[in-house]
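Visitor: Here is the input, now give the coordinates:
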Amino acid sequence: MNKLIRFQLSLMMFLEFFIWGGWFVTLGTYLGYNLEATDVQISTAFSTQSWGAIIAPFIIGLIADRFFNAERILGILHLVGAVLLYLMYQSTDFIEFYPLVLGYMIAYMPTLALVNSVSFNQMKDPAKEFSFIRVFGTVGWIVAGLVISWLSWDAAEGRQDGLLKYTFLMVSIASAFLGLFSFTLPKTPPTADRSKKVSIVETLGLDALGLLKDRNFLMFFVASVLICIPLAFYYQNTNPFLSEIGVDNPTGLMTIGQASEVLFMLLLPFFFKRFGFKLTIIAGMLAWTIRYLLFAYGDSGELIFMLLTGIALHGICYDFFFVSGQIYTDFKAGSKYKSSAQGLITLATYGVGMLIGFYVAGLITNAYLTGEKMHDWETIWIYPAAFAFLVMLLFALFFKNEKIDKKDIEI
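Guide: Reported below is the predicted structural model:
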């Protein structure tokens, strides 16, 4: 890969996740403070991510893989997204905002697969080359959070003055730039045989359902769906929680989680080979429980270290469960169902699992509303902590340890 293409792909990844991290992290805080949204309405807005994940395979499988170059569809979707983000910036109430965020997530979620397709198409050895490109996405997410806190949009005065709306303007500009920039990316033509009919079952990865006959994979599949419920609490509640209890620069501090993700991604191969898949997954789920207990009993004063530690556990929570799960899925699927199995897990987690999770998180958060924009956070965080621990116990009891060949765990 020459330097120009490497630069193009790195910038593409940076912008892709700068855009997502630049508004999604502070969404709950913005909706609560600026659009007077209820906790249930906030959970409904976050669930648009799940609807986007459910619809994305249709766009990728039925359009991108068969008829048009991936970089062109990427460009069009981001240009459409730029318009929707700008309209979200101008919204003044939740009723007006919701259809815009739903439309945006339907446009954005397919781009996560498209940037990977564009990248892989330029690589001779993706196992070695992709991580260098993908890490710029994490850097983009971190930079977005730091910019928001540096400009004090998420500070107490900024929230009261409605400055968080400028996050949508910022990422609208970035999305427009990425949309135009995408047309300069290396050509990535469709790979599917257009003469061959592809069923909806294959498009959604449902032809891999046969893998559920394997007891171990079924247990992993169920655990993957269930663990998305506590995951939804993190995405939906962390920024509003930190803001509400008076933590300074909450969005900037949350980037510690992304830095942690990079670190533990590097440590994952060692941990995976040393302790095996089952213990790695259990460590990931246990980290969810510890994180939420730290959130429940920490505060913005002397115990703020507990909150920071909980945020820093994001690397273990995400990498040890979800990345390990992708490796395990690839191992179990074999050559016949590699793509379908990954699609099935994505649909089950970011689609169905997160959809349920955001709904549950909204109901529980709303149930412990103690005053205007005030919550009983200690009790709220106990729920995902207990649920993650229960899922971990079920997995530990019913998942039978199995050996995965070293060649199958290359990251």
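
Visitor: any idea how far L209 is from A348?
Guide: In this view, L209 and A348 are 10 Å apart by C-beta to C-beta, to the nearest Å. Placement of C-beta: from N, CA and C, glycine included.

Visitor: meant to ask about I55, not that
Guide: According to C-beta to C-beta, I55 stands 15 Å off from A348.

Visitor: and if you look at F271?
Guide: Taking C-beta to C-beta, one finds F271 at 24 Å from A348.

Visitor: Same check on W150?
Guide: With distances taken as C-beta to C-beta, W150 is found 38 Å from A348.

Visitor: Am I right that D248 falls within a helix?
Guide: No - under DSSP: H, G, I helix; E, B strand; the rest coil, D248 falls outside any helix and is assigned coil.

Visitor: picking that back up, between L209 and A348, who's got more neighbours?
Guide: In this view L209 and A348 are compared by other C-beta atoms under 10 Å, and A348 has more residues nearby, 18 against 15.

Visitor: Check what pLDDT the more buried one gets.
Guide: According to the prediction, A348 has pLDDT 83.

Visitor: Excluding chain neighbours, what is closest to it?
Guide: Of all residues not flanking A348 in the chain, V225 sits nearest, at 5.3 Å (C-beta to C-beta, 6 or more residues apart in numbering).

Visitor: Could you name the specific helix or strand carrying I95?
Guide: Element membership for I95, per DSSP states H and E: helix 94-120.

Visitor: ok, the residue nearest to A348 - contacts?
Guide: In this structure, V225 makes contact with A348, T349, V352, G353, I356, judged by C-beta atoms under 8 Å, 6 or more residues apart in numbering.

Visitor: Point out the ones among those residues that are inside strands.
Guide: Among these, no member falls in strands (criterion: DSSP state E).

Visitor: List just the nearest of these to A283.
Guide: Relative to A283, the closest of these is T349; by C-beta to C-beta it sits at 18.4 Å.

Visitor: how far away is that closest one from L231?
Guide: T349 is 8 Å from L231, where distance means C-beta to C-beta.

Visitor: got the domain boundaries for the protein?
Guide: Annotated domains of the chain cover 1-190, 202-411 [automatic domain parsing].

Visitor: what's the offset of the first one from the middle of its chain?
Guide: Between the centre of domain 1-190 and the centre of its host chain there is 11 Å, according to C-alpha atoms, centre = their mean, to the nearest Å.

Visitor: average model confidence for it?
Guide: The average of the pLDDT scores along domain 1-190 is 89.

Visitor: cool, and stretch 265-277?
Guide: Stretch 265-277 shows a mean pLDDT of 79.

Visitor: In that stretch, which residues are buried?
Guide: By 16 or more other C-beta atoms under 10 Å, the buried positions in stretch 265-277 come out as M265, L268, F271, F272, F277.

Visitor: What segments of the protein are strands?
Guide: 369-371, 374-375.

Visitor: where's L263 relative to H314, distance?
Guide: To H314, L263 is 10 Å away according to C-beta to C-beta.

Visitor: So which of those two has more stuff around it?
Guide: Taking neighbours as other C-beta under 10 Å, L263 and H314 compare with H314 leading, 23 against 13.

Visitor: check contacts around the residue lying closest to the more buried one once chain neighbours are set aside.
Guide: Nearest residue to H314, sequence neighbours excluded (C-beta to C-beta, 6+ apart): G257, at 3.2 Å. G257 makes contact with I311, A312, H314, G315, according to C-beta under 8 Å, 6+ apart.

Visitor: let's see 10 Å
Guide: Under the criterion of C-beta atoms under 10 Å, 6 or more residues apart in numbering, the neighbours of G257 are 25, 141-142, 145, 234, 238, 291, 310-315, 317-318.

Visitor: ok, now M306?
Guide: R291, L293, L294, F295, A296, Y297, G298, D299.

Visitor: Would you mind listing which of those are buried?
Guide: Of those, these count as buried by 16+ other C-beta under 10 Å: R291, L293, L294, F295, A296, G298.

Visitor: how far away is the residue nearest to L114 when sequence neighbours are not counted from L9?
Guide: In this structure, L114 finds its nearest non-sequential neighbour in L74, 4.4 Å apart by C-beta to C-beta, 6+ apart. L74 sits at a distance of 12 Å from L9 (criterion: C-beta to C-beta).

Visitor: what's the answer for T29, then?
Guide: In terms of C-beta to C-beta, T29 sits 32 Å off from L9.

Visitor: so what's the residue nearest to D154 when sequence neighbours are not counted up against?
Guide: Excluding the flanking residues, the one nearest D154 by C-beta to C-beta, 6+ apart is T251, at 4.6 Å. Listed by C-beta under 10 Å, 6+ apart, the contact set of T251 reads 21-22, 25-26, 29, 144-151, 153-155, 164, 167, 238-239, 242-243.

Visitor: Got a ChimeraX select line for the buried ones in those?
Guide: In ChimeraX syntax, the buried subset of the contacts of T251 is picked out as below (16+ other C-beta under 10 Å):
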select :21,22,25,26,29,144,145,147,148,149,153,154,155,164,167,238,239,242,243
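
Visitor: intersection of neighbour lists for L209 and A348?
Guide: F221.

Visitor: I figured Y86 was touching S175, is that so?
Guide: Yes - if you go by C-beta atoms under 10 Å, Y86 and S175 touch, sitting 9.0 Å apart.

Visitor: So these two - more neighbours on which side?
Guide: Neighbours were counted for Y86 and for S175 using other C-beta under 10 Å; S175 has more, 31 against 17.

Visitor: Verify the stated contact: that one with L15.
Guide: Yes - in this structure, S175 is within contact of L15 by C-beta under 10 Å, at 8.1 Å.

Visitor: what residues are shared contacts of the two?
Guide: Jointly contacting S175 and L15 under the rule C-beta under 10 Å, 6+ apart are G22, H78.

Visitor: follow-up on the earlier one: any residues in contact with both of T349 and L231?
Guide: Shared contacts of T349 and L231, defined by C-beta under 10 Å, 6+ apart, comprise F321, F322, G357.
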